[in-house]
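Undergrad: build the 3D model from these lines:
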Amino acid sequence: MINAIVLIDAEADLIPEAAQAVADVDGVSEVYSCAGDVDLIAIVKVRDHASIAEVITKRINRVRGVRSTTTHIAFQSYSSADVDAGFSIGE
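TA: Residues are numbered from 1 along each chain as shown. As a prediction, this is how the structure comes out:
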């Protein structure tokens, strides 16, 4: 599973509608409205890189009210105190 965090700049008067439309896109698991440098944050969870491009460029970027997006691929980090999160390369 590939996780991406999508920062969305939206038209101010369309933020609620854009948030709902983005939340309805297949592959989007969560959408947050926030104050600050971006208007919305979407969490995208897909199986492969091609799907990320499909979800973001062909669906999220075409939602009415979305002006631009910035995508960050997310890699999970674990606390050194988390003994259950250990893993090894090659297994």
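
Undergrad: quick one: the strands in the protein?
TA: 2-10, 28-33, 40-46, 66-74 (DSSP state E).

Undergrad: so the helix or strand of the chain with the lowest mean pLDDT versus strand 2-10, what angle?
TA: Each helix and strand of the chain was given a mean pLDDT (mean pLDDT, DSSP states H and E); the minimum falls on helix 49-58 at a mean of 91. Interaxial angle of helix 49-58 relative to strand 2-10 (axes from the mean of the first three to the mean of the last three CA atoms, to 10 degrees): 10 degrees.

Undergrad: now helix 49-58 against strand 40-46, angle please.
TA: Taking the same axes, to 10 degrees, one finds helix 49-58 and strand 40-46 inclined to each other by 150 degrees.

Undergrad: who are the packing partners of helix 49-58?
TA: Helix 49-58 sits against strand 2-10, strand 40-46, strand 66-74, with contacts defined as 3 or more CB pairs under 8 Å, 6 or more residues apart in numbering; DSSP states H and E. Quick note: C-beta positions are derived from backbone N, CA and C, even for glycine.

Undergrad: nearest to Ala23, out of those?
TA: The closest approach between Ala23 and any of the helices and strands packed on helix 49-58, judged by CB to CB, belongs to strand 40-46 at 7.8 Å.

Undergrad: which helices and strands does the closest one pack with?
TA: Contacts of strand 40-46 with other secondary structure elements, assessed using 3+ CB pairs under 8 Å, 6+ apart, are made with strand 2-10, helix 15-23, strand 28-33, helix 49-58.

Undergrad: again, 10 Å this time
TA: Counting contacts by 3 or more CB pairs under 10 Å, 6 or more residues apart in numbering; DSSP states H and E, the secondary-structure elements packed against strand 40-46 are strand 2-10, helix 15-23, strand 28-33, helix 49-58, strand 66-74.

Undergrad: in terms of mean pLDDT, which of the ones you listed ranks lowest?
TA: Taking each of these in turn, the one with the lowest mean pLDDT is helix 49-58, at a mean of 91.

Undergrad: dump it to CSV, restricted to CA.
TA: Taking Å, rounded to 0.1, in the frame of the first residue of the first chain, the C-alpha atoms of helix 49-58 are listed here in CSV:
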residue,chain,number,x,y,z
HIS,A,49,2.4,4.5,-8.2
ALA,A,50,0.2,4.6,-11.4
SER,A,51,-2.9,4.8,-9.2
ILE,A,52,-1.5,7.8,-7.3
ALA,A,53,-1.2,9.7,-10.6
GLU,A,54,-4.7,8.7,-11.6
VAL,A,55,-6.3,9.7,-8.3
ILE,A,56,-4.4,13.0,-7.9
THR,A,57,-4.0,14.3,-11.4
LYS,A,58,-7.2,13.0,-13.1
